[in-house]
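Asks: build me a model from this:
(one chain, ligands or ions: 1)
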Amino acid sequence: MMIFMWAALQSRRVAAVLLLAMITYLIVAPMTHPARAQNREPFQANLVIRADQPKGTINRNIYGHFAEHLGRLVYEGIWVGENSPIPNTRGIRNDVVAALKRLNIPVLRWPGGCFADEYRWRDGIGPRDQRPKRINTHWGGVIESGAFGTHEFMDLCEMLGTDAYIAGNVGSGTPQEMMDWIEYMTSDSDSTLANLRRRNGREKPWKIPYFGVGNENWGCGGNMRPEYYADEYRRFATYVKNYSGNRIYKIASGSSDADYKWTEVLMSQAARHMDGLSLHFYTLPTSDWSKKGSATQFGEPEWHATLVRTLRMDEFIQKHSAVMDKYDPQKRVGLMVDEWGTWYDAEPGVSKGALYQQSTMRDAVVAGLNLNIFHKHCDRVQMTNIAQLINVLQALILTDKEKMLLTPTYHVFEMYKVHQGATMIPVELTAPEYSLGQASAPSLHASASRDTTGKLHLSIVNLDPNRSAQVSVKISGTAAKNLSGRVLTAPAMNTVNTFDKPESIKPVSFTDYKMQGEQITLTLPSKSVVVLEMQ
Ligand code: AHR
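Replies: So this is what the prediction gives:
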């Protein structure tokens, strides 16, 4: 009995000692093993804005958008019909138009995407109740009613004050159909097609400044080889005519990611017939199309991997531009990144063909990085179109019937609009790397420009989700006055705006800065996007 009691006492002592050891380890280990500790100390960085070395113009079309007949983008997101209880003007919802007008959208691409290469434009004109119904084979096999066609799209463009970028059908269409559509839209003559447009309610021709000759013709647009598409492009582009003073900028369907061969063949075989060549690149957290990753359920590894992949946009633009430079050293042909953005796995319970995804603080950072990269390459990149406008992929707006919310990506576009059409100002940034495992990204990413009224704008992204940044800023060639700005940040990497809480992420005034003489010090929160204005 005595022996048993002694043993029990000993084992309690052992347990107490073990407990004490564990507590000590949990407190001390993070201090002694920096690799395991999460460093939350602010990091230091230096930024020089080379205001005395202005470069080219940031084409405002870099702030372009994309609306495809896909999921709930066109039907519900834009078009609700004239008899809908949702307030609308000629069938187009008023809340969405009001929100989009605040972005100064310069150009809108429509009707696809993959949908463009099976779209018959004649299905979308005339009395709506007589329009043929077709199967949208790419996007879930849903019935396309044709209710939103050419007149409705052009009405939307006019409401927004935006230029139209129409994608024509090369994959399953003919040069004749393409030519007829352009005549229908743009001719002021007495031709049968121009009069058909008039009978359908539009007296004056529209201006169509941008026309895409196919889309992803290496894939959903016909699975063509580059040599074959180069010939098809030349044939179709011949019939993209300029009527009644309309002047069309012709855009050839370009490659995706690192397919430099496509660019090489198109530039060597068809450059003189085109004004622009497109490029598509989507950000997938895993870089694996079969398992892309969740839009909202992620941790720091996925955050980091997503940003590292986004930054590859810089490399792709550089390398495609280098190929283009060989055939077009004057940079006459624009590189049009007419699809970009995040692409995640479908939300549970949502049809895969609808490509609906939520948008978090991570998407805001992705948007800021891409826009900064496009500014840097403004000598070659003349247009970009984020995919897509509403309810699809990296959307700016989400709707749920009559409800509408603005995503974090919307706020970045609204904050960054000050760069539209401004002169790019180079920046030099010295900041630590943001590393995780073997991969590394810069912890900060910045871009600057000067607008036509002389105001200087700086956009700066803090990629680090844990550490704020203390940035010492110098502006060469000028002294800054009257600094003001806004910051977009969130409590967590995956904070979202929901229909119940639509303002969890929204820009607020940025006040965390000091100005002493020519020296400016900014304190940027972790995971943030900041846009500043200086006189
Ligand atoms: O944006 C969704 C789809 O992605 C487009 O229809 C297609 O061009 C691309 O593959």
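Asks: where do the helices sit along the stretch 251-400 of the chain?
Replies: Remark: helices assigned in the stretch 251-400 of the chain by DSSP state H, counting those that start in this stretch are 260-270, 300-310, 312-327, 361-376.
Asks: tell me which of these sits most buried.
Replies: helix 361-376 (a mean of 26; mean count of other Cβ atoms under 10 Å). Every C-beta, even on glycine, is put in place using the N, C-alpha and C of the backbone.
Asks: can you give me the neighbour number for the residue of the stretch 151-300 of the chain found nearest the ligand?
Replies: Residue nearest to the ligand within the stretch 151-300 of the chain: residue 216 (4.6 Å; Cβ to the nearest ligand atom). Per other Cβ atoms under 10 Å, the neighbour tally for residue 216 reads 23.
Asks: of the helices of the stretch 251-400 of the chain, which approaches the ligand most closely?
Replies: Nearest of these (Cβ to the nearest ligand atom): helix 260-270, 14.1 Å.
Asks: give me the phi and psi angles of residue 167.
Replies: Phi and psi for residue 167, reported as degrees, to the nearest 10, are phi -100, psi 120.
Asks: which strand residues bridge it?
Replies: The partner list for residue 167 in beta bridges (DSSP bridges) reads residue 212.
Asks: what about the residue nearest to residue 259 when sequence neighbours are not counted, distance to residue 297?
Replies: Spatial nearest neighbour of residue 259, chain neighbours left out: residue 218 (7.2 Å); criterion: Cβ to Cβ, 6 or more residues apart in numbering. As judged by Cβ to Cβ, to the nearest Å, residue 218 and residue 297 stand 33 Å apart.
Asks: and those two? which has more neighbours close in?
Replies: Counted by other Cβ under 10 Å, residue 218 and residue 297 do not tie: residue 218 has more neighbours, with 21 against 11.
Asks: and residue 139, how many neighbours?
Replies: 22.
Asks: which ones are touching it?
Replies: By Cβ atoms under 8 Å, 6 or more residues apart in numbering, the contact set of residue 139 is 68, 69, 70, 71, 114, 115, 353, 354, 355.
Asks: phi, psi for the residue of the stretch 1-150 of the chain found nearest the ligand please.
Replies: Per Cβ to the nearest ligand atom, residue 113 is where the stretch 1-150 of the chain lies closest to the ligand, at 2.7 Å. Backbone torsions of residue 113, given as degrees, to the nearest 10, read phi 70, psi -180.
Asks: contacting residues around it?
Replies: 66, 68, 69, 70, 138, 167, 215, 339, 387, 388.
Asks: residue 415 is in what secondary structure piece?
Replies: helix 408-416 (DSSP states H and E).
Asks: count the neighbours of residue 66 for me.
Replies: Residues near residue 66, counting by other Cβ under 10 Å: 26.
Asks: for it, list each beta-bridge partner.
Replies: Under the criterion used (DSSP bridges), residue 66 bridges to residue 109.
Asks: so it touches residue 385, yeah?
Replies: Yes. With contact taken as Cβ atoms under 8 Å, residue 66 and residue 385 are classed as touching, separated by 4.1 Å.
Asks: between these two, which contacts overlap?
Replies: 108, 109, 338, 339.
Asks: so what pairs up with the residue nearest to the last one when sequence neighbours are not counted in the strands?
Replies: I take that to be residue 339. For residue 339, ignoring the flanking residues on the chain, the nearest one in space by Cβ to Cβ, 6+ apart is residue 280 at 4.1 Å. Note on residue 280: beta-bridge partners residue 256, residue 339, judged by DSSP bridges.
Asks: surely residue 138 is in contact with residue 118?
Replies: Yes. Contact status for residue 138 versus residue 118: in contact at 7.2 Å, counting by Cβ under 8 Å.
Asks: same drill for the two, tell me which one is more crowded.
Replies: residue 118 (21 against 18).
Asks: list the contacts of the closest residue to that one other than its chain neighbours.
Replies: Distances taken as Cβ to Cβ, 6+ apart place residue 172 nearest to residue 118, at 5.2 Å, with adjacent residues excluded. Neighbour list for residue 172: 117, 118, 222 [criterion: Cβ under 8 Å, 6+ apart].
Asks: poorly predicted segments of the stretch 1-150 of the chain, please.
Replies: 1-38 (pLDDT under 70).
Asks: how long is stretch 379-391 end to end?
Replies: Terminal residues of stretch 379-391 are spaced 32 Å apart (Cα to Cα, to the nearest Å).
Asks: got the buried residues for that stretch?
Replies: 380, 381, 382, 383, 384, 385, 386, 387, 388, 389, 390, 391 (16 or more other Cβ atoms under 10 Å).
Asks: excluding sequence neighbours, find me the nearest residue to the residue most central in space within the chain.
Replies: The centroid of the chain falls nearest to residue 386 when counting by Cα atoms, centre = their mean (3.2 Å). In space, and not counting its chain neighbours, residue 386 is closest to residue 341: 4.9 Å by Cβ to Cβ, 6+ apart.
Asks: ok, now which ones touch the residue in the stretch 251-400 of the chain that the ligand sits nearest to?
Replies: Per Cβ to the nearest ligand atom, the residue of the stretch 251-400 of the chain with the smallest distance to the ligand is residue 387, at 4.1 Å. Contact partners of residue 387, counting by Cβ under 8 Å, 6+ apart, are 66, 68, 113, 282, 339, 340, 341, 343, 393, 394.
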